[in-house]
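Trainee: the following comprises the amino acid sequence and a computationally predicted model.
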Amino acid sequence: MSGIFAISKSGIDVFDALESPVDPNDFIIHSGYSTFKILVQGKLLNQTVSGQPTTFSVAHNLGYIPNFYSFCKFPDDKVVMNGEFSYDFTGHYPASNGYGYFVAEADSTYLYFLVYRNDGASNFNVNIKYFIFEVVL
Amino acid sequence: MKLVIAKPSFDALTEVDPDNLQFSSEYDTLKYQTKGTITLTINQANYYYSEHIDFPDMWLYYHYAYITVDHNLGYIPFFTGYTLDNPIGYASVAPFFEGSFIGFILANIYADTTKLYFMVNFVSGQNSGNVSFDFSYRIFKNELDII
């Protein structure tokens, strides 16, 4: 059976929006387009960064490298994305300011979260949030 | 009770692989909050550090600045962003980093419970004049819940 299930955004008439050409941005959901499903989400709280780097891991056991996204909160209460320095980073040789640097990696079994501690920084705690999305296409 | 919409040729009543479903109420999704663009303009006279190098014979000036956007959600949301005019000339998913033997440019986006912060940290041979960086961002309602 074929048909369309659609909910348009506020202020947009769903029947008008379904007229060609269809703009998927007009819809909250449209059965012709796959939604970006979150398969798993989780967090690691109060993880102590004591090494250079310190690596935290989570088993996902999917058997393939997943589509993932992650965030890390440093003690300055600012959240960074994968590949970012902490908020207060300024860098110039021979010294850099800031807590450190956050990197997320994955293989077919684990997610790995590497937090690099800036030279001279004392141990500190971070909170990490991760999302694993469906494999697109 | 659940709502399932299967992809063409799959049976919504029996299919359980999320990759074969257009939608399933059993899975969370990202919910849009807002999007926007913002320009960070840096006055290169306001450098925070300088140093002279012998080869090439020049002074290097280190610049750092940020600009914010209020989201006022009261929690830290899922966010993402792009640099629109990085030195390579293309849009790029943030964070952006490029380095050479005399310097670097770093563009990061941060969040807390009230704002997004757009930061640029770079080295140039200039200590005057303005440089602008354009960002775009997407904020989702999904709470990170890592306060």
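Mentor: It's in. Numbering: from 1, shown residues only, chains lettered A, B, ... in the order given.
Trainee: contacts for the lowest-mean-pLDDT helix or strand in chain A, please.
Mentor: Counting by mean pLDDT, DSSP states H and E, chain A has its least confident helix or strand at strand A:95-97, which shows a mean of 77. With contact meaning Cβ atoms under 8 Å, 6 or more residues apart in numbering or on different chains, strand A:95-97 is reached by A:88-91, A:118-120. In this view, the C-beta of every residue, glycine as well, is placed from N, C-alpha and C.
Trainee: excluding chain neighbours, what is closest to residue B:94?
Mentor: The spatially closest residue to residue B:94, leaving aside those adjacent along the chain, is residue B:81, at 4.4 Å (Cβ to Cβ, 6 or more residues apart in numbering or on different chains).
Trainee: which other helices and strands does the helix or strand containing the one you found contact?
Mentor: Secondary structure from DSSP states H and E places residue B:81 in strand B:77-83. Secondary-structure packing of strand B:77-83 (3 or more Cβ pairs under 8 Å, 6 or more residues apart in numbering or on different chains; DSSP states H and E): strand A:67-73, strand B:92-93, strand B:104-111, strand B:115-124, strand B:130-143.
Trainee: at 6 Å what do you get?
Mentor: strand B:104-111, strand B:130-143 (3 or more Cβ pairs under 6 Å, 6 or more residues apart in numbering or on different chains; DSSP states H and E).
Trainee: for residue B:20, phi and psi?
Mentor: Per-residue torsions, residue B:20: phi -100, psi 10 (degrees, to the nearest 10).
Trainee: count of neighbours near it?
Mentor: A count of nearby residues for residue B:20, using other Cβ atoms under 10 Å in any protein chain shown, gives 17.
Trainee: before we move on, what about residue A:30?
Mentor: 23.
Trainee: so which residues of chain A form strands?
Mentor: Under the criterion DSSP state E, chain A contains strands at A:6-8, A:27-30, A:37-49, A:54-59, A:67-73, A:79-81, A:90-92, A:95-97, A:100-106, A:110-117, A:124-133.
Trainee: would you mark the buried spots in the first one?
Mentor: By neighbour count, with 16 or more other Cβ atoms under 10 Å in any protein chain shown as the criterion, the buried positions of strand A:6-8 are A:6, A:8.
Trainee: pairing partners for that strand, with directions?
Mentor: According to DSSP bridges, strand A:6-8 forms sheet pairs with strand A:27-30 (antiparallel).
Trainee: tell me the buried residues in the partner strand?
Mentor: A:27, A:30.
Trainee: and if you look at stretch A:36-56?
Mentor: Buried residues in stretch A:36-56, counted by 16+ other Cβ under 10 Å: A:37-41, A:43-44, A:47, A:49, A:53-54, A:56.
Trainee: what does stretch A:129-137 give?
Mentor: Buried-residue list, stretch A:129-137, by 16+ other Cβ under 10 Å: A:129-134.
Trainee: what sits up against it?
Mentor: A:36-43, A:66-71, A:111, B:18-19, B:144, B:146 (Cβ atoms under 6 Å, 6 or more residues apart in numbering or on different chains).
Trainee: for stretch B:52-64, same thing?
Mentor: Residues outside stretch B:52-64 that contact it (Cβ under 6 Å, 6+ apart) are A:90, A:92, B:42, B:44, B:47-51, B:121-125, B:127.
Trainee: again, but for stretch B:73-91
Mentor: Outside stretch B:73-91, the residues that touch it by Cβ under 6 Å, 6+ apart are A:79, B:92-94, B:96, B:107, B:109, B:111, B:113, B:134-140, B:142-144.
Trainee: would you mind writing the PyMOL command to select the buried ones in those?
Mentor: Selection of the buried residues among those in PyMOL, burial being defined by 16+ other Cβ under 10 Å:
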select buried, (chain A and resi 79) or (chain B and resi 92+94+96+107+109+111+135+137+138+139+140+142+144)
